[in-house]
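Colleague: Dropping a prediction and its sequence here:
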Amino acid sequence: MTMRTARAFIAVVVAMLAFAVLICEGASTPQRRIREGATTPEFSAVDTTGKPFAYTPSGGKVLMLAFLSSEKKRSQGAAEDMFAVLSSVPPAKLASLQVAFVMQDVDNKEFIASIHKEAPSVVRILDDDQYDIWGKFGVIATPTVLVSDPKGKVLCVKPGRTYDFAAVVKSRLFQALEIPHKVGPDDVPAVRTVGNSTLSAKARRHLQMARSLAKKGRITSAIGQARTAYEIDPNLSEAALEFGVLLCQAGRAQEAVKLVSPLSVEGRHDKAQVNLVLGWAHRRMGKLEDAEKYLLEGIRQDAALDRLFFELGRIYQERNDAEKAMQAYFRALQLIYGEDQE
Amino acid sequence: MKKLATVLLIFTGLSSVFGVEKPTVAERPTTEQETCITEECHAEHTAKPVVHDPVTEGSCEACHETVSIEEHTYKLTDKEPALCMQCHDELTKQYIHSALDDGGCSQCHEMHSSENEFRLVAGTVGDMCAECHEVAVDATHLHGPTSVEECTLCHDPHESDHENRLVMGLDQLCVFCHVTTKEELASIEFVHEPTGDDCIGCHDPHGADNWKMLKAEAPELCFSCHEEIQTMAQVSEHKHDAVSEPGGCLKCHTPHASSVRPLLASVPITLCLSCHEEPQGMSVDEVLPAFIDQIKDKEYLHGPIKENDCGGCHMTHGSDHFRLLAAEYPQKFYASFEEAKYELCFGCHEKTLVQTATADGLTDFRNGNQNLHFLHVNKERRGRTCRACHQTHASNQLKHIRKSVSYGGWKDLPLNFTKTDTGGSCDPGCHLTKAYDRQTAVDYTLPPVRRRPPPKLRARSGIQPISPPR
């Protein structure tokens, strides 16, 4: 019994060990191509001008390594993309960058000459006819571009001149060189297109029409367009405010107050605009005290809004306060003609 | 008092800057009735609300001069438009409204007074223009300014330095209103060339019967410039139906700008899957299986699939190669080797992969330095094509190696591929178990030990009798 149990136990242990070995083997099965996050291997070669090129991960330099083939269209396109990327790198950053194009067919003189002609001086072309560097990085196809940071960590391995090739290479290179870039490496896959059918886009079109019409003195038509803009996107504060201004211009003060009063806007300029419409409308309604209060509040929020001073001047003018009216008009004129006295 | 006068003066100046609400007729200054316009005579000239300033002021002599007081005859002081330009700005720009030459200002404006803004002869700007110009008549999709008859939003009624008397150049005019488009165009890398200054290349600026006021529907509209794509789509041996269907191009491309070339509306594989998520009927007797099934839950993807870029291997508009492939690739399991037959694969992979008998860094599929790709593929007879071992799109084995391959009537000829750190082995239906090792080459100089049953035995066990590949 004891013997049988011991044998069974040993069998189980052996089976478990065998399974563990299999699992571990599976997990460690190597992938040929170097992975992102790995340390870039050091390598050296001679470039097409006969000068030695050496890279070591501890060298503190950013590496952009491109495996290209002079016979393949995609490689040629990739080279052009990389030239464009490199041309956007600030010259001061080029000193901390090593760029090598690794090729097996450097005998294609035309292609090599075109690269030498167009490439920034930082680009070195390495002859790897024995696939030594190719094998070291486990490359399987061209173009393949690798970018590693100053500590030698691989940030990206980008195979193929795919739809996002240039964007990925640029974002990773800028990341490695610590250059601010509007598109982060993780944002690249998102495709952005022109969204001219959004509600906001539609509303802004009508708003622009309203502005054009107002400039031509076509206030009634302008109000129609501003109303459309406001109805399409009631959250577009500039539409509501423009609509309010036009209503004031047309003498429809109560409508303007009704429109603007419930508005909740952010930012000092928009708040000042609200107060302008309210002040203007209240002046039209003969409520000069309220009007003055709104306009002064608006001036506190945005002292560069010329119409606030103009409307304030009109209030003082209506009160026969020539001194103050002159002061307000003068300030409005200064703002219009950019002659800020302060 | 002096100050108030100054205030009034400044107010008047500012009013012109700000466009203050216009005074109503009742607010306007009254004219003296001592000239031509009295209750009895010429009263109709001031009867309408919008009155020409000289008429309001009773300055009839601004435009008229006496011929004979006795006969009560008068004439204009000059011909139009020179008469009007005595007060109004001269027309000096390149493009002048032809109406000014044909009949002068009075073609569009009443000279004395009118019911309409700007003393227009017709009721509105749109009505006025429509007297001579017919645009977008009965069109189902109208441009905003056309629909509200505001022609002067885009056209100057008198003169302009821009063709068709546009108020500004085409590079600025459309985006003056389409501000969101303008902002987005500035921030998106790949822009359709006409978008810069030729919106009217695709859109009818007044209106059209097509969606978005397009001059024609896609693909015809797109083909009017992209002739090479039209040829590819219509003349290729293998056509992609999606391109020629109504709206074709716009299924994949965005017309203005995209952050990815060539103006794709989304990530390529997403676009492809928008149709190929489902099986696609190719002909009466052929159905293309749903592509999604080939990649779903697969661990190892072919490079272009991994990069979401079907266009790496397929011509999306049309091709002379089967399955819309971008270049030549053998259709069958076997093919005698020629470089040209593998143009597709050699577009990315090195041709030396199958051209050199020995290799080191070039490939991992080698026994010592014996290049096993060369061994399999580079044969005059029965060279194995890539598909013999690799699942083109994806598989659950490294290097997207197949689990099995369809061979003649044998639907699932197994490969039994095993990977090791330094090599691997196969136990396929094609040959006996073979292992390879890059560091210590497996010695095949000894005769192999047959351990699989011969074909006759397989036939007896229910498997189709076939000649084993050699």
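Modeller: Noted; the coordinates are in hand.

Colleague: just the residues of the stretch 201-342 of chain A that are near chain B, which are they?
Modeller: A:201, A:204-206, A:208-209, A:212-219, A:221, A:224-225, A:248-251, A:307, A:310, A:313-314, A:317, A:320, A:322-323, A:325-326, A:329-330, A:332-333, A:336 (CB under 8 Å from any CB of the partner chain). For the C-beta atoms, the positions are set from N, CA and C on the backbone; glycine is no exception.

Colleague: of those residues, buried ones?
Modeller: Listed as buried from those are A:201, A:204-206, A:208-209, A:212-214, A:216, A:218-219, A:221, A:224-225, A:248-250, A:307, A:310, A:313-314, A:317, A:322, A:325-326, A:329, A:332-333; burial here means 16 or more other CB atoms under 10 Å in any protein chain shown.

Colleague: which stretches of the stretch 51-200 of chain B form strands?
Modeller: B:64-68, B:73-76, B:95-96, B:113-114, B:141-142, B:159-160, B:190-191 (DSSP state E, counting those that start in this stretch).

Colleague: what ranges do the strands span in the stretch 101-250 of chain A?
Modeller: A:123-127, A:144-148, A:154-159.

Colleague: now, of these, which is deepest in the fold?
Modeller: Among the strands of the stretch 101-250 of chain A, ranked by average contacts under mean count of other CB atoms under 10 Å in any protein chain shown, first place goes to strand A:144-148 (a mean of 26).

Colleague: ok so, going back, with distance to chain B and mean pLDDT added, can I get the strands of the stretch 101-250 of chain A in TSV?
Modeller: Shown next, in TSV, are the strands of the stretch 101-250 of chain A (distance: least, CB to the nearest CB, whole Å; pLDDT from 0 to 100):
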stretch	distance to chain B	mean pLDDT
strand A:123-127	14	93
strand A:144-148	9	97
strand A:154-159	5	95
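
Colleague: Export these as a markdown table, with columns for distance to residue B:124.
Modeller: A markdown table is the format used below for these (distance: least, CB to CB, whole Å):
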| stretch | distance to residue B:124 |
| --- | --- |
| strand A:123-127 | 64 |
| strand A:144-148 | 61 |
| strand A:154-159 | 59 |
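
Colleague: just so I know, which of the strands of the stretch 51-200 of chain B lies nearest residue A:235?
Modeller: Checking the strands of the stretch 51-200 of chain B against residue A:235 by CB to CB gives strand B:141-142 as the closest, at 26.5 Å.

Colleague: Can you list the neighbours in contact with the closest one?
Modeller: Applying CB atoms under 8 Å, 6 or more residues apart in numbering or on different chains, the contact partners of strand B:141-142 are B:136, B:206, B:207, B:208, B:209, B:210, B:211, B:212, B:213.

Colleague: On the pLDDT front, check the fourth one for me.
Modeller: What that stands for is residue B:208. What the model reports as pLDDT for residue B:208 is 96.

Colleague: Neighbours of it, how many?
Modeller: A count of nearby residues for residue B:208, using other CB atoms under 10 Å in any protein chain shown, gives 20.

Colleague: who are the neighbours in contact with it?
Modeller: Residues near residue B:208 by CB under 8 Å, 6+ apart: B:136, B:139, B:140, B:141, B:214, B:215.

Colleague: how close does the first one sit to chain A?
Modeller: Taking CB to the nearest CB, to the nearest Å as the criterion, residue B:136 is separated from chain A by 17 Å.

Colleague: Tell me which residue of the stretch 351-470 of chain B lies closest to chain A.
Modeller: Across the stretch 351-470 of chain B, the shortest distance to chain A (CB to the nearest CB) belongs to residue B:361, at 2.0 Å.

Colleague: returning to what we had before: can you tell me which of the contacts of residue B:208 comes closest to residue B:348?
Modeller: Using CB to CB, those come closest to residue B:348 at residue B:214, 37.6 Å.

Colleague: Show me the beta-bridge partners of the closest one.
Modeller: Using DSSP bridges, the beta-bridge partners of residue B:214 come out as residue B:203.

Colleague: wait, it sits on residue B:224?
Modeller: No: look at residue B:214 against residue B:224 with CB atoms under 8 Å: they stay out of range, at 11.0 Å.

Colleague: Those two: which has the busier surroundings?
Modeller: Neighbours were counted for residue B:214 and for residue B:224 using other CB under 10 Å; residue B:214 has more, 18 against 13.

Colleague: quick one: contacts for the most centrally placed residue in chain B?
Modeller: Residue closest to the mean C-alpha point of chain B, counted by CA atoms, centre = their mean, is residue B:255 at 1.9 Å. Residue B:255 is in contact with B:192, B:202, B:263, counting by CB under 8 Å, 6+ apart.

Colleague: so residue A:265 touches residue A:271, yeah?
Modeller: Yes: counting by CB under 8 Å, residue A:265 touches residue A:271, with 5.8 Å between them.

Colleague: Same drill for those two, tell me which one is more crowded.
Modeller: Neighbour count, other CB under 10 Å: between residue A:265 and residue A:271, residue A:271 has more, with 19 against 16.
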